[in-house]
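Trainee: Structure of the sequence below:
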Amino acid sequence: MNSIEKTYLSIEEIISLPTLSGINISDDGKNVAFVKNTADWKDNIFRNHIWIYERNKGQCYALTTKDIDSTSPLWSPNSRHIAYLSSVGEGGQKKNQIFVDSIDGNSRVQITDEKEGVSNFKWEPTGKGFYYVAQSKESEEIKKRKEIYGDFHHIGKEYQNNCLYYIEIKRFIQKSNDTYEYPEDSNSAGKDKNENTVAYQLTDGKDFHIHEFDISNDGNKIVFMAIPSPNGEDYQNGDPYILDIKAGELHKINRNKLLGGNVCFSPDGTKICYSASIREKNYYNTHIQDSTLAIYDLNNGEQIQPLTDFDSTVVPLRWTAKGILIRWQNKTNYHIGLLSENGNVKMLNEKVDSFIMEASITRDGNHIAYNKTITNETFEIYLDDEKITNENSIFEGRLKSNREIISWKSSDGLEIEGILSTPIDFDANKNYPLLVVIHGGPAWASFPIFSDCFNEKYPIETFIEKGFIVLEPNYRGSSGYCNEFLKANYRKLGIAYYEDVLSGVDKLVDDGIADPDRVGVMGWSNGGYIAAFCSTFSSRFKAISVGGGITNWSTHYANTDIPHFIKMYLGNTPWNDPEIYAKTSPMTYIKSACTPTLIQHGEKDARVPTPNAYELYQGLRDMEVDTELVIFKGMAYSSDHPGINVAIMKQNLIWFSHYILGENMKDFRVL
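Mentor: Modelled structure (predicted):
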């Protein structure tokens, strides 16, 4: 009998790799809830389902199934119920609402009915209700104006900010057959009780937009992070607030560091910990990647930075009885640890190559759950260091590329790392065609792991099966390589990126494993910008693919939803410094363009709008360069439809197979 020939994962199988997220451990340490995102090929949609692991049963099972799309699971304080967000409504009007379910999934009850949905929520510490964040109600003035004049929006002046709400759940739970232990003695969020009131609105939404919050263990205080509006420009102007629930008093915290992200209370409720910028009022002041931790004492107003020698992004996850659970990136690894107030960190993952994306810990600090992967594997869920899932079984009996970390010097001597993927039968004496896949960000990185959520556009395994080797450079500005490296791209966009990529290509050519005449480049978002720069600035490459990329910084500045991002990197506006905007724009060099270039772009991408794609496409056509432009309808940065991901990957596969390997491209448009 002939043995079955082993193959690499197909494009459809790559897209079908589940994504595990939203991990939450029950406070008794016995159960774990998480979200599994999978492709529903029949309905052509990605679905999120809540999964439960019960330690006593030793098995995982789906709590929500079929078309019930659910995220953000949170165990009740008594560890007996699970709450989560689930989308309800018709068609495109579906919004996330809070649901509560028993552990056996037999008593699903909807708790909220917010018109614009719930974005974030937490259990009240006694389990009596929920605090949640939702959009403020439309004002009576706006409603009246619509009736008189019709609908319009005054840009930069009118926002529906996120507000904080509280909802009691007793009357909802009692309608079900479940036995929910409802505590009778609890405050009602500082508001007068009204039998007809379902939810209490705790902030008015006029002065700020709430995005993160935490509740003290005694339930008496809430800390939340707020910005002036949901406008992307305002994310650099955040402030922490403390809400005294019983007194109904709101206090703004004076702080001397610009805010980052997560916030959490100390166990005794006297201190808060949050991400804070290392620098004050400089060009990098909006980057959470350029941050450390700050601890603020609510009693005396003192603020300390417990991590003085940590040259990395640090995110606080929860303040436990044993310390603050933190997560940080170190090059191509993500670590977790417990931080004491004196600055000592106890590592909770010892393996050098471990990558932990999320973690959840019990209040006492005795039990922890997390999702982790290592080099050449995909993510698994762990409970107290015991693996409770088996997602890597998909690779059994299959070929799998090998991913290793390599390094090289850029033209200015800066050391750059990258991920090199090679076939199982790699021969170091052979010249391979080379493809360069460039990550977005720029403050992100490529990692030597298998995860569709990090690379949903380019089929690396299929490229490997076709005979390519693949390089993913962590160019200057990538996260995890210290703050000096993070800011090394300041006013050096474009050409410096190009040198970082080209020097990596040259290393592989000099090593004798890459064919200098068969090199292609691709990337999405900031990776698409770098690919576009390679397309117009150089004749070095054989084929290029530009995905959702910036092509002209001056026009992009006026069209993007985050113009401050551009000022942060280029140091000024296009009106005050047109030279730097021209120098770093791919369109400046369009007359020298000669490389066949595929352009792919999401129709609804507000971050990088489609004029970028049309401008490059028209320029390449005028220069008589082979080019194709594909606009994906309804898609922003990414798509909810696995079929779209298949199309994006297949188009790239066909494009590079044609222009580098000489294969036929007649099926490109129809697939």
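
Trainee: pLDDT below threshold where in the stretch 1-150 of the chain?
Mentor: 1-4, 91-92, 104-106 (pLDDT under 70).

Trainee: again, only this time at 50
Mentor: Applying pLDDT under 50 to the stretch 1-150 of the chain flags residues 1-2.

Trainee: Could I get the full set of strands for it?
Mentor: Under the criterion DSSP state E, counting those that start in this stretch, the stretch 1-150 of the chain contains strands at 19-25, 31-40, 45-54, 59-62, 70-75, 81-88, 95-102, 109-110, 118-123, 129-135.

Trainee: Take these and write them to CSV, including mean neighbour count and distance to Leu339.
Mentor: All C-beta atoms are positioned from the backbone trio N, CA, C, and that covers glycine. Output for these, formatted as CSV (neighbours: other CB atoms under 10 Å; distance: least, CB to CB, whole Å):
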stretch, mean neighbour count, distance to Leu339
strand 19-25, 22, 19
strand 31-40, 21, 23
strand 45-54, 20, 27
strand 59-62, 13, 31
strand 70-75, 22, 23
strand 81-88, 22, 28
strand 95-102, 22, 31
strand 109-110, 16, 38
strand 118-123, 20, 22
strand 129-135, 23, 26
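
Trainee: Quick one: those strands as JSON lines, columns for distance to Asn572 too.
Mentor: Shown next, in JSON lines, are the strands of the stretch 1-150 of the chain (distance: least, CB to CB, whole Å):
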{"stretch": "strand 19-25", "distance to Asn572": "38"}
{"stretch": "strand 31-40", "distance to Asn572": "41"}
{"stretch": "strand 45-54", "distance to Asn572": "40"}
{"stretch": "strand 59-62", "distance to Asn572": "52"}
{"stretch": "strand 70-75", "distance to Asn572": "40"}
{"stretch": "strand 81-88", "distance to Asn572": "41"}
{"stretch": "strand 95-102", "distance to Asn572": "40"}
{"stretch": "strand 109-110", "distance to Asn572": "50"}
{"stretch": "strand 118-123", "distance to Asn572": "34"}
{"stretch": "strand 129-135", "distance to Asn572": "35"}
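
Trainee: Distance of the residue nearest to Thr320 when sequence neighbours are not counted relative to Leu339?
Mentor: Of all residues not flanking Thr320 in the chain, Gly365 sits nearest, at 3.6 Å (CB to CB, 6 or more residues apart in numbering). Using CB to CB, to the nearest Å, Gly365 is found at 11 Å from Leu339.

Trainee: shared neighbours of these two, anything?
Mentor: 323, 325 (CB atoms under 8 Å, 6 or more residues apart in numbering).

Trainee: So which of the two has more stuff around it?
Mentor: Neighbour totals were compared for Gly365 and Leu339, and Leu339 leads with 23 against 17 (other CB atoms under 10 Å).

Trainee: all strands for the stretch 251-400 of the chain, in order.
Mentor: Taking DSSP E, counting those that start in this stretch, the strands of the stretch 251-400 of the chain run over residues 259-265, 271-277, 291-297, 303-304, 314-320, 323-330, 333-339, 345-347, 355-361, 368-373, 380-383, 386-387.

Trainee: now the helix or strand following the last one: mean pLDDT?
Mentor: Past strand 386-387, further along toward the C-terminus, the next helix or strand under DSSP states H and E is strand 402-409. For strand 402-409, mean pLDDT is 96.

Trainee: quick revisit: which residues touch the residue nearest to Thr320?
Mentor: Neighbouring residues of Gly365 by CB under 8 Å, 6+ apart: 320-323, 325, 338.
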